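Peer 1: compute the structure for the input listed below.
(one chain, ligands or ions: 1)
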Amino acid sequence: MNKKIKKPNGKEKITIGVVGLGLMGCSITTCLLMAGHEVIAVAPLAIDLEHAESRIREHLVNSKKEGLVKNVPGHYLKKLRLTEDYRLLKPCGLVIECTLEDLEIKKSVYQKIESNIKTDAILTSNTSAIPISILQLQTAHPERFLGLHWAEPSHTTRFLEIICGELSDVKMGEYLYKIAHGWGKEPTLVRKDIRGFISNRLMYAMYREAFHLVENGYASIEDVDRACRNNAGYWMTLVGVFRWMDLTGVAAYHTVLKDLFPTLSNATGVPKLIDDIVKAGGKGVTNARGFYDYTEEEARLWEQTFKEFSYDIRKLALKYPADVVEKKMK
Ligand SMILES: NC(=O)c1ccc[n+]([C@@H]2O[C@H](COP(=O)([O-])OP(=O)(O)OC[C@H]3O[C@@H](n4cnc5c(N)ncnc54)[C@H](O)[C@@H]3O)[C@@H](O)[C@H]2O)c1
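Peer 2: Here you go, the predicted structure:
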């Protein structure tokens, strides 16, 4: 470990930098402002500044309406500095990179960040799937580089994965784990790097099987979605897969998996179904072209409905934290 790096104690409200103000950068910034941090939000492309403030303000307005925060947006926005100038990152104890999922872009952004931050600042990435052990090799101080993987919309979700790369100082992971509780998260610390971390490995195993079922004519897209929502969708806010097996009888899973595992898809290529959509320019509800057909109005209503749902599900999740039974025992 670099001797110059101080071990933070987790009690101070550090200034935090967010670099990249797209979909996630804006909701991460909102979450940190709501938690009382000063945030220096850097736009790597000027176009980010056209939408960033209004998006963050809208998140804050909705959060006040939904009772997540007590104060009006102006109270939190006083602690926000929006800029294109990387030099303003100097006071940050932590910087969260949130740019496109592209190694070259992230590398060039790290150079700009590192030439402006202190040696004891922690640098993190919100990458979905680039291994932290690879990303940290693009930096000058790999030991202070970690993954900080959020879920959209970051100001309402309880999810946060903190990932140590091979060269990361685990103590910094433990520090992030501690302060993330103050951001309203129920964080997970991944001590050993693995591609996709925890949640994406679980989710992509399910996506692969969903493609397999549809592409091979077993079921329609609508039916796969319906089965997913009404089975896993009913219990996943309360428990994860292991507790679910405990709740519903471990022996049955032991019996079923012996025969079922060998039949599950182990395809390694990109499924044609998604390849065709992406090559034809489909992005999903953003441009009303995805696995389903949407009118413009339907696409906007889906976006709106997702926003409303994310506040509702949060209320339910808060009634059932991970230690819900321990609390009942007290
Ligand atoms: N969208 C999600 O649900 C989600 C979830 C978890 C993690 N992530 C990860 O978060 C990161 C950002 O995702 P997003 O959904 O906010 O993307 P986005 O497309 O909304 O934003 C992309 C950001 O990258 C910046 N950018 C684009 N080209 C650039 C360039 N040449 N140089 C510097 N910056 C450039 C843009 O200015 C913008 O700030 C990605 O690594 C993604 O994998 C996304």
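Peer 1: report the contact partners of the closest residue to the ligand within the chain.
Peer 2: Residue nearest to the ligand within the chain: Gly22 (1.9 Å; Cβ to the nearest ligand atom). For the C-beta atoms, the positions are set from N, CA and C on the backbone; glycine is no exception. Contact analysis of Gly22 by Cβ atoms under 8 Å, 6 or more residues apart in numbering lists Asp48, Cys98, Thr99, Leu100.
Peer 1: for the ligand, what are the nearby residues on the chain?
Peer 2: Contact residues (Cβ under 6 Å from any ligand atom) of the chain with the ligand: 20-25, 44-45, 48, 98-101, 105, 109, 126-128, 149-150, 152.
Peer 1: what segments of this protein are strands?
Peer 2: Remark: strands assigned in the chain by DSSP state E are 16-19, 39-42, 80-83, 94-97, 122-125, 145-150, 160-164, 188-190.
Peer 1: mind putting the ones you listed in TSV, mean neighbour count included?
Peer 2: Shown next, in TSV, are these (neighbours: other Cβ atoms under 10 Å):
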stretch	mean neighbour count
strand 16-19	28
strand 39-42	26
strand 80-83	17
strand 94-97	25
strand 122-125	27
strand 145-150	26
strand 160-164	24
strand 188-190	17
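Peer 1: could you list the low-pLDDT ranges of the stretch 101-250 of the chain?
Peer 2: Judged against pLDDT under 70, the stretch 101-250 of the chain has no low-scoring part.
Peer 1: residues making contact with the longest helix anywhere in the chain?
Peer 2: Longest helix of the chain, by residue count under DSSP state H: helix 296-319. Helix 296-319 is contacted from outside by 62, 66, 68, 153, 156-158, 237, 285-288, 294, using Cβ under 8 Å, 6+ apart.
Peer 1: what's near enough to touch Val324?
Peer 2: Val324 neighbours (Cβ under 8 Å, 6+ apart): Leu238.
Peer 1: make that Val69, sorry
Peer 2: For Val69, the contacting residues are Met34, Leu60, Ser63, Tyr76, by Cβ under 8 Å, 6+ apart.
Peer 1: again, only using 10 Å
Peer 2: Val69 makes contact with Thr30, Leu33, Met34, Ala35, Leu60, Ser63, His75, Tyr76, His155, according to Cβ atoms under 10 Å, 6 or more residues apart in numbering.
Peer 1: how about Ala205?
Peer 2: Gly196, Leu264, Ser265, Asn266.
Peer 1: coming back round to it: so which of the residues of the chain next to the ligand belong to helices?
Peer 2: Among the residues of the chain next to the ligand, the members found in helices (DSSP H) are Leu23, Met24, Gly25, Asp48, Ile105, Val109.
Peer 1: now list the buried members of the contacts of helix 296-319.
Peer 2: Asn62, Leu68, Pro153, Thr156, Thr157, Arg158, Val285, Ala288, Tyr294 (16 or more other Cβ atoms under 10 Å).
Peer 1: how many residues are close by the residue nearest to the fifth one when sequence neighbours are not counted?
Peer 2: The spatial neighbour of Thr157 that comes closest, neighbours along the chain excluded (Cβ to Cβ, 6 or more residues apart in numbering), is Ala151 at 4.2 Å. Counted with other Cβ atoms under 10 Å, the burial measure for Ala151 works out to 16 neighbours.
Peer 1: my read is that Ala151 contacts Glu186, right?
Peer 2: No. Contact criterion Cβ atoms under 10 Å: Ala151 and Glu186 do not qualify, at 11.2 Å.
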